[in-house]
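I'd like to go over a predicted model; first the sequence, then the structure.
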Amino acid sequence: MRSVTYSMNVSLDGYIVGPDGGFNWTTPDEEIFRSWIDEIREVSVHLLGRRLYETMLYWEDADQDPSLDDSQLEWTALWKPLPKVVFSSTLSAVQGNARLASGGLAEEIERLRAEPGEGDIAIGGATLAAEAAALGLIDEYRARVYPVLIGGGIPFFPQRERRVDLELVETRTFSSKAIYLRYRVAR
C-alpha cells in the first residue's frame, strides 16, 4: 500500500512559516535542494492546500527562466508532470498537472491508495497535514529542521489531543547544520 508522507522545512521551534508569513529562512542550499529532488522522485501524487499550491505555481513555468541552475531545472522537470490534487474552498480552477479535489481528504487518499502503481502520496501544507494527521492518515513525517527560532507562525505539527508514537527511520545532517528527520508512524 502506498505511504502518505508529510514533508516540510521547519524551524527548530516547530514552525513552517514565521509570524510575518515569511519563510526566507528556509532557502535551501544545493545539498538540501538535492535532497528535495531525491524525495520528489519517490512521489506519485502530491496533495496540496491552497496556500502551498499558490506558492508552488512558480515551478509550473520556471523552466522558462534562463537564470535557473541545473538542479532547479531538474526539479522543474520532475514537478511539472507530477499529478497534484489541490484542496481549496476558494479556488475554482487550477493550472498545470493539477486538479481540484472532488471529495474529502480521507476519500481522496483512500481512492489514491486503491489505484495501481507505486510511489508515495505526499501531503504539503500544514492545514492539510493537520487534517490528515487528525484522521490518522499520515504514515511518515519528514522534517528538514533549520537551526533558527522564529517565535511563532504556522506549526509543522498540528495541535491534537492524541498521542502518536513514531519510529525513527533516517537522519541526516547537512553541511548548513540543518537536520533531516524521517519518522514512520508506529502502528
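Good, I have the coordinates.

so where do the helices sit in this structure?
30-40, 50-56, 70-79, 105-114, 126-134 (DSSP state H).

chain center to the third one: distance?
Relative to the mean C-alpha coordinate of its chain, helix 70-79 is positioned 16 Å out (C-alpha atoms, centre = their mean, to the nearest Å).

on that earlier part again, so which of the helices of the chain is the most packed in?
The highest mean neighbour count among the helices of the chain, using mean count of other C-beta atoms under 10 Å, belongs to helix 126-134: a mean of 21. Every C-beta, even on glycine, is put in place using the N, C-alpha and C of the backbone.

you'd agree Asn9 is up against Pro147?
No - counting by C-beta atoms under 8 Å, Asn9 does not reach Pro147; the two are 11.8 Å apart.

so what's Ser35 up against?
Ser35 is in contact with Arg144, Arg172, Phe174, Tyr180, counting by C-beta atoms under 8 Å, 6 or more residues apart in numbering.

what's the residue closest to the geometric middle of the chain?
Gly124 (3.2 Å; C-alpha atoms, centre = their mean).

run a quick neighbour tally on Leu48.
Residues near Leu48, counting by other C-beta atoms under 10 Å, number 23.

and the pLDDT at the nearest residue to it once chain neighbours are set aside?
Take Leu48 and drop its neighbours on the chain: the residue closest to it by C-beta to C-beta, 6 or more residues apart in numbering is Gly124, 4.9 Å away. Gly124 is assigned a predicted lDDT (pLDDT) of 91.

likewise Gln159?
Gln159 carries a pLDDT value of 68.

before we move on, what about the one 4 residues further on?
At Arg163, the pLDDT value in this model is 86.

that one - how many residues pack around it?
5.

tell me where the protein has strands.
Taking DSSP state E to define them, one finds strands in the chain at 4-11, 15-17, 43-49, 84-87, 98-100, 120-124, 140-146, 154-155, 166-173, 179-185.

how about those in CSV, adding distance to Ser35?
Formatted as CSV, the strands of the chain follow (distance: least, C-beta to C-beta, whole Å):
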stretch, distance to Ser35
strand 4-11, 10
strand 15-17, 16
strand 43-49, 13
strand 84-87, 20
strand 98-100, 24
strand 120-124, 14
strand 140-146, 7
strand 154-155, 22
strand 166-173, 7
strand 179-185, 6
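
out of these, flag the one nearest Ala133.
strand 4-11 (7.5 Å; C-beta to C-beta).

packing partners of that closest one?
In terms of contacts (3 or more C-beta pairs under 8 Å, 6 or more residues apart in numbering; DSSP states H and E), strand 4-11 is packed against strand 15-17, strand 120-124, helix 126-134, strand 140-146.
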